[in-house]
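Asks: Everything below, folded, please.
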Amino acid sequence: MTTLSWPVAWRIARRDLHRRFRGLRLLLVCLFLGVGALAAIGTLTGAIRGELDAQGREILGGDLEVEVWQRPLSAEELALLGTYGEVSQGLRMQAMASTGEAASPIELKAVDDDWPLYGTLTLADGREAGAPPAGQAWIAAGAAERLGIGPGDRFRVGTADLVVGGIIDAEPDRLSEGFQLGQTVIVPLEVPAAAGLTAPGAMYQSKTRVRFSGGDDPAEVEEAIVASRPEAGYDIRTRERASPGAERFVGRMGEFLTLVGLAALAIAGIGIGGGVASYLEARRGSIATLKILGATSADIVRIYALQIGAAALAGTLAGLAAGVLVTPLLAQALGDLLPVRPGLVFDPGALLRAALFGLLVALIFAAPPLMRAQRYPAMALMRSRIVPLSGAWRSALWPVTLGLVGIAALALIGSPQPGLSALFLGGAALLLLILWGLGKAIRAVAERWPRPTNPIARAALANLHRPGSATGSLVTALGFGLAAFVLLAAVQTSLEGNIMRSVPQRAPDYFVLDIPRDRLGEFENTVRRHAPDAEVEAVPTLRGAILAYGAADNPTVVSELDELPEGAWALRGERGLTYAERLPDGNSLVAGEWWREGYAGEPLVSVDAELARAAGLEIGDYLTVGLLGVERTARVANLRRIDWESMGFNYVLVFSPNALSDAPHNLAATVSLPEGAAAAGLLRDLVRAFPSSSVIEVGPLLTQAREILGQVSLAILAAAGVAVLAGIAVLLGAIAAARAARLYDTVILRVLGASTRQLLTLQLAEFGMLAAMLAFVALGLGGALAWLVIVQLFEFEWMPDWPRVLAVLGAGIALVLAFALAASLPLLRARPAQTLRTL
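Replies: This is a model prediction of the structure:
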């Protein structure tokens, strides 16, 4: 028998296809959500990565940057850097800016005449500038507002008087500077020394940047610089890693959002399968008629594949358009945090990837019902309402396999974390298999369960296992849909718990840096003149880099490691160091003993237990640090557990006093006022009495931290909400499909005398049984996915609020029952005689 040509098949398909895609709208909605999410995610992350790559030099301010603490580079070090190109020196430090009536913590940025090596500083009045002239400063708008000053006004930093030369509008290397404890003030390079801010022991960073004059490879230059002085503790960045924090955030968030998009598509796929099955069920008369008129099985597949394909293509294109249109809104929201240009962004690769994901998912879930429809003879289709068709999954094996292979290839190729993508794909397949098996098990148990005496309960139980029941599809849809609610609630409450834990409600009122050791008593007296009951805690503070660690006869040299051990973050660059006579508050010993007061023997060090575990350090090993260019070695005396939740001073390395006390250093202190106490004028008096110290108000800092974490939390929740929307769409589709299958049953029951109340109660009982059984599955499934997102992807603590999670799950079950009741109302309005004639 001759098969219809594609043009003829399309002509038939087009005549039968409603111009508003009636019957296929669930497929459209599901693809729109999934493809739109993936298109927006791929376009935005691609645009940000592209900007990070293209603007690497401008973001960093050079081709390479060398950073050290508490000292400028020596003439020999500068000469080495000068062999590669033009060198620009700079200093960064916390400081205080003040006028006669106001004071504000600032991020002081001292630059030389060659700054910036790349990019341009723009002032609010439209001028483009480099380093400010002598005696002047460029000042951020926030600092100017807090100090109540503007261009031409005078203010003081340390002991230096400066004039506001202009207000900063755009700073070329802002993104590479990282998190700030104050607004930026840019001054000439000589100002910090003149203001008394770089005395021995002061806490400041020296940042020296190089603009290559030739085609040097940054990685090779970095390796040569480290090899020249491995004990110097250099922290080096190159144009390829201009902003590691931003790159890490974009990578993590991009991977999470991609997984959310894939999860939305996976959930939507269930809706696609149900929607296509429902659509073909409504077209069974047309299919049977076509077969009676001579259409072959291949003709049926072509006609309805074209219809479904047209709907899938429409949903995919709509999703792509939505993804492109929403990207500028996301870019505007992130404009101050990440480099992304305003306006529409077209990333052909990301859009093609999203479209292929959507079409492949449609293929996987639409193929089985389509293959089932074409396989049966016309008479079987005519009788399918009374004698349901059996499954025909074998004929759909090839298209489903092809779709699965395509999705796996798309997810793994080019993924920043292919292992995570593979884990997600395997987990999704496993969950589908588990829910399919659960549906089979529920039918089997319902069939063998003793019959209840109540007729409504008996009928509801029978509906779970009768021939043609939708239990299998309902279990899958309800399982994923309810799991989406659990996922959202668990993620939200865990994020809130982490914010509360990381940013406590009660903390010291002030942090003070660079207090001269010989003026601690004067500092305490100044504080207590304003608040006699204030608590002042002061500790020595230094900066140094771990150079080597391990056994005395075979130490591990950090600079020779190809990769740092996982979790050993303290081995990277310079870290805070201190010394103490007694075990610090909030710390507890887990191994070894603390040294006695007045200890004067071999230099000792106490190490954070987590760092020791990650680096393989044991008691009795030795640890060497580079401090102001000098190596100091101490023996590991004990291991400590640190309470990182406290807002006090926490150091991974605490030395015995005889190990570090002779090195130049200052003190840092916290000031805690009695609850409810006010200390008007304290900040002003501290700035006047200690002009070289930096006083940081903790309250505004905590507010800023909460706002940032809240924004991250909102972004994660908004992304997870896409999966919830897809879950709701799937629930609606599954209930709608079940409604079509129940039309015959409802009509028969009405003919037999069932009342409206009994029919509604029957619906509630059936869906209530399923929802109650699946609630436990959804709790485990959604909780596991939320744990992966919170712990494995973002490395937060797992802190869900289970009562709230259960409340959200209960709300989801109530929503399911409400949907089921709403879907039952049209069945009650059906006229039995008219309906029976159409069966």
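Asks: Can you spell out which residues form a bridge with the residue lying closest to Leu686 once chain neighbours are set aside?
Replies: When the adjacent residues along the chain are set aside, Leu686 lies closest to Val695, with 5.1 Å between them (Cβ to Cβ, 6 or more residues apart in numbering). Heads up, the C-betas are built off the backbone N, CA and C, glycines and all. Val695 has the following beta-bridge partners by DSSP bridges: Val512.
Asks: And for Val695, the neighbour number?
Replies: Per other Cβ atoms under 10 Å, the neighbour tally for Val695 reads 25.
Asks: try Phe346
Replies: Phe346 has 10 nearby residues by other Cβ under 10 Å.
Asks: from memory it sits against Gly323, does it?
Replies: No. Counting by Cβ atoms under 8 Å, Phe346 does not reach Gly323; the two are 10.6 Å apart.
Asks: any common contacting residues for the two?
Replies: A shared contact of Phe346 and Gly323, defined by Cβ atoms under 8 Å, 6 or more residues apart in numbering, is any residue touching both; here these are Thr43.
Asks: Arg640 belongs to a strand, doesn't it?
Replies: Yes. For Arg640, which was evaluated using DSSP: H, G, I helix; E, B strand; the rest coil, the result is membership in a strand.
Asks: Which residues does the closest residue to it other than its chain neighbours form beta bridges with?
Replies: With sequence-adjacent residues excluded and distances taken as Cβ to Cβ, 6+ apart, Arg640 is closest to Asn587, at 4.6 Å. On DSSP bridges, the residues paired with Asn587 through beta bridges are Ile642.
Asks: show me the contacts for Asn587.
Replies: Under the criterion of Cβ under 8 Å, 6+ apart, the contact list for Asn587 reads 640-643, 650.
Asks: So which of those residues wins on neighbours?
Replies: For these, neighbours tallied by other Cβ under 10 Å; top is Arg640, 27 neighbours.
Asks: can I assume it is in contact with Ala580?
Replies: No. Distance between Arg640 and Ala580: 10.9 Å, which falls outside the contact criterion (Cβ under 8 Å).
Asks: okay, and the common contacts of the two?
Replies: The overlap between the contact sets of Arg640 and Ala580 (Cβ under 8 Å, 6+ apart) consists of Val654.
Asks: Who are the packing partners of the host helix or strand of Ala814?
Replies: Element membership for Ala814 (DSSP states H and E) is helix 802-828. In terms of contact count using 3 or more Cβ pairs under 8 Å, 6 or more residues apart in numbering; DSSP states H and E, helix 802-828 is assigned the packing partners helix 471-502, helix 698-751, helix 756-787.
Asks: circling back: please produce TSV containing the contacts of Asn587, extended by pLDDT and distance to Val557.
Replies: As requested, the contacts of Asn587 are exported to TSV (pLDDT from 0 to 100; distance: Cβ to Cβ, whole Å):
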residue	pLDDT	distance to Val557
Arg640	92	25
Arg641	89	28
Ile642	83	26
Asp643	73	32
Asn650	82	27
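Asks: Looking at the residues you listed, which is nearest Glu618?
Replies: Nearest to Glu618 among the contacts of Asn587: Arg640, at 14.2 Å, using Cβ to Cβ.
Asks: residues contacting that closest one?
Replies: Residues counted as contacts of Arg640 (Cβ under 8 Å, 6+ apart) are 583, 587-590, 606-609, 654.
Asks: ok, now with 7 Å
Replies: With contacts defined as Cβ atoms under 7 Å, 6 or more residues apart in numbering, the neighbours of Arg640 are 587-590, 606, 608-609.
Asks: For Trp594, see how far away it is.
Replies: In this structure, Arg640 and Trp594 are separated by 9 Å, where distance is defined by Cβ to Cβ, to the nearest Å.
Asks: List the beta-bridge partners for the closest residue to Thr556 other than its chain neighbours.
Replies: For Thr556, the nearest residue in space outside its immediate sequence neighbours is Gly550; the separation is 4.6 Å by Cβ to Cβ, 6+ apart. Each beta-bridge partner of Gly550 is listed here, defined by DSSP bridges: Pro555, Tyr622.
Asks: Correct me if wrong: Gly550 contacts Leu623.
Replies: No. The pair formed by Gly550 and Leu623 falls short of the contact definition of Cβ atoms under 7 Å, at 8.4 Å.
Asks: backbone phi and psi for Cys115, please?
Replies: Quick fix: residue 115 is Trp, not Cys. Main-chain dihedrals, Trp115, degrees, to the nearest 10: phi -80, psi 140.
Asks: neighbours around it, how many?
Replies: By the measure other Cβ under 10 Å, the count of residues near Trp115 is 24.
Asks: Now do the contacts for it.
Replies: By Cβ under 7 Å, 6+ apart, the residues touching Trp115 are 88, 90, 130-131.
Asks: Show me which parts of stretch 301-315 are buried, residue by residue.
Replies: Residues of stretch 301-315 classed as buried by neighbour count (16 or more other Cβ atoms under 10 Å): 301-312, 314-315.
Asks: So which of the residues you listed sit within helices?
Replies: Here DSSP state H is the test, and the buried residues of stretch 301-315 give 301-312, 314-315 as lying in helices.
Asks: for the residues you listed, which one is nearest Ile186?
Replies: Checking those against Ile186 by Cβ to Cβ gives Gly315 as the nearest, at 51.8 Å.
Asks: Once you drop chain neighbours, what's closest to that closest one?
Replies: Leu31 (3.3 Å).
Asks: that older thread, relative to Thr578, how far out is the residue nearest to Arg640?
Replies: Distance of Asn587 to Thr578, computed by Cβ to Cβ: 12 Å.
Asks: Which of the three states applies to Pro565?
Replies: Secondary structure for Pro565, judged by three-state DSSP, is coil.
Asks: before we move on, the earlier item: comparing Gly550 and Leu623, which residue is more hemmed in?
Replies: Taking other Cβ under 10 Å, Gly550 and Leu623 do not tie; Leu623 has more neighbours (24 against 18).
Asks: what sits against that one?
Replies: Neighbouring residues of Leu623 by Cβ under 7 Å, 6+ apart: 546, 549, 605, 634, 636.
Asks: Please name the nearest non-neighbouring residue to it.
Replies: Using Cβ to Cβ, 6+ apart and skipping the chain neighbours, the partner closest in space to Leu623 is Tyr549 (4.7 Å).
Asks: tally of neighbours for that neighbour?
Replies: Tyr549 is surrounded by 25 other residues when neighbours are defined as other Cβ under 10 Å.
Asks: Let me know whether it touches Thr556 as I believe.
Replies: Yes. Tyr549 lies in contact with Thr556 (Cβ under 7 Å); the separation is 5.7 Å.
Asks: Quick one: end-to-end distance for stretch 168-186.
Replies: In stretch 168-186, first residue to last residue: 9 Å (Cα to Cα, to the nearest Å).
Asks: what's in contact with that stretch?
Replies: Contacts for stretch 168-186 (Cβ under 7 Å, 6+ apart): 58-61, 94, 97, 104-109, 111, 116, 118-124, 132, 137-143, 157, 242-243, 245-246, 339, 696, 701.
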